[in-house]
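**Student:** Okay, here's the prediction I keep looking at, along with the sequence it came from:
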Amino acid sequence: MSNNCIETYQLTKQYGKKTAVNQLDLTVKKGGIHAFVGSNGAGKSTLFRLLLGVTTATSGGAKVLGQECQNLSTELRGKVGYVNEEHTLPNWMTVEKVRAMQKHFYSAWNDNIYQRVIGYFDVDPKQKVSGLSRGERAGFNLSMALAQSPELLILDEPTLGLDVVAKQSFLEALMFTETENESTIIYCSHQMEEVERVADNLIILEKGRLRNNSAPDDFVERISSWIVDFDSKQVEKNAIAGLLSMKLIDGQHHIIAIDQQVVAFRQHLQLLGASEMHPMGVTLNSAVNAFLSKNHNVPA
Amino acid sequence: MSDIKAVNIHIAPGDTRPIFKQIVDGIRMEIACGNLPVGCKLPSVRGLAMQLTINANTVAKAYNQLTSQGLLEPKQGLGLFVSQPRQQLNLVEQQKRLDNAVQTFVNQVAYLDFEPQQILDKVSSALGKLATSSNNETENHE
């Protein structure tokens, strides 16, 4: 058995002239929480649709839990859970009815897990689905997804639009519910603060391509931030090695760069005419922002 | 009653230290302040992860680092405990750390309206308190 939950090889999806996923070679190991990050239109949702087998690839392919995702068996489909930000549910039914219905669909349904997860949210079983708040819907959906004991659970911006309380409950339920099998969780979010707390692994997509696949801390370590005084000399952006972003604030250049060694980069800046430079700390949020904003300016 | 000592640390959004480092620093501080005395038991990995709403692997990473630094020690089947302090740094390194700490301290107090002697008195009384509390600690321990 392969140790990988997801493997894609040269996976490509085009919509007309637009390439949503571009020759993607991605490996996601089994187990843990993997955060998918990228600007809007980076190809995250398209990738999920490909992995779920609801849309077909233009070229290349992908395996989910060892099976080609273009023709997933019914049995395997039962092992993959999916929750998206819309939290679509039949509005006319009660919470209890929906649960009972779902229970019949999934052979691996585990009611203990359902009860544990729904316990994080204050949901009345007799309530009609149409009367649930956004946070309750999200919690209800997560409860049902985890109760299916999925081997792979895909969450597409699950906390979008949730208030702080609902978001906290959602993250707690996600991280601290013991599931029967070690689920692999794919989690897509724009909130770096959340990603930093939750994720074992950070996967960055940009224009349908893979840009990073490592632990969040390791990614932040690659990024360095500096405040540099060039004594009002002109500095060409292209001249600075590994530059991600540069802003002129109060006559000083605020620089964020990638993959630069501290000592070598200092010398590099001095050669460019810097008189003073101060290394600054970087948060995951600023690192990802700088990383993605640079790529916005680069022609594909 | 639980024998676990509550750990008073917080994860600050926007802090440039990685979360595991914030935990390492936070626990070091708690130990240094005496809030976590020698021999006391720490929360489980999962427990602290739940308290802080973070991934349990991050807590495990922090605990591992503290253990390899000699601040914590695991006892088979019982959990993780604050260990008896032992000499971990050589003299040169200790000297360097002391110099750094003093410089930081001086920078912070330099602009305040105190005479040097007043500051020295404060420091020596604070060190005096530290000495008494650590003596009590050893007595209790033995």
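**Tutor:** Yes, it's here.
**Student:** Helix or strand: which one has the residue nearest to A:Phe176 when sequence neighbours are not counted?
**Tutor:** Distances taken as Cβ to Cβ, 6 or more residues apart in numbering or on different chains place B:Met50 nearest to A:Phe176, at 5.6 Å, with adjacent residues excluded. (Each C-beta comes from the backbone N, C-alpha and C, glycine too.) Element membership of B:Met50, judged by DSSP states H and E, is helix B:45-52.
**Student:** List the buried residues of that helix.
**Tutor:** By neighbour count on 16 or more other Cβ atoms under 10 Å in any protein chain shown, the buried set for helix B:45-52 is B:Val45, B:Gly47, B:Leu48, B:Ala49, B:Met50, B:Leu52.
**Student:** Return the member of the residues you listed nearest to B:Asn64.
**Tutor:** Nearest to B:Asn64 among the buried residues of helix B:45-52, counting by Cβ to Cβ, is B:Val45 at 9.9 Å.
**Student:** For the closest one, list the residues it contacts.
**Tutor:** Taking Cβ atoms under 8 Å, 6 or more residues apart in numbering or on different chains, we find B:Val45 in contact with B:Ala56, B:Val59, B:Ala60, B:Tyr63.
**Student:** Name the residues of chain A found near chain B, please.
**Tutor:** A:32-33, A:168, A:171-172, A:175-176, A:193, A:196-200, A:216-217, A:220, A:280-283, A:285 (Cβ under 8 Å from any Cβ of the partner chain).
**Student:** now the buried residues of helix B:45-52 in CSV, with pLDDT?
**Tutor:** Shown next, in CSV, are these (pLDDT from 0 to 100):
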residue, pLDDT
B:Val45, 93
B:Gly47, 91
B:Leu48, 94
B:Ala49, 93
B:Met50, 90
B:Leu52, 92
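**Student:** for A:Phe194, helix, strand, or coil?
**Tutor:** Just so we're on the same page, residue A:194 is Glu rather than Phe. Under DSSP: H, G, I helix; E, B strand; the rest coil, A:Glu194 falls in the helix class.
**Student:** Next, count neighbours for it.
**Tutor:** Counted with other Cβ atoms under 10 Å in any protein chain shown, residues neighbouring A:Glu194 total 18.
**Student:** Can you list the low-confidence ranges for chain A?
**Tutor:** Within chain A, the stretches with pLDDT under 70 are A:1, A:180, A:295-300.
**Student:** what about the helices in it?
**Tutor:** Along chain A, counting by DSSP state H, helices occupy A:44-51, A:74-77, A:95-105, A:111-118, A:134-147, A:164-176, A:192-198, A:216-222, A:262-271, A:284-297.
**Student:** repeat for chain B
**Tutor:** Secondary structure of chain B by DSSP H: the helices cover B:19-33, B:45-52, B:56-68, B:91-109, B:116-141.
**Student:** any chance of those in CSV, with distance to A:Lys126 too?
**Tutor:** Formatted as CSV, the helices of chain B follow (distance: least, Cβ to Cβ, whole Å):
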stretch, distance to A:Lys126
helix B:19-33, 40
helix B:45-52, 30
helix B:56-68, 35
helix B:91-109, 60
helix B:116-141, 56
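**Student:** This completes my enquiry, with thanks.
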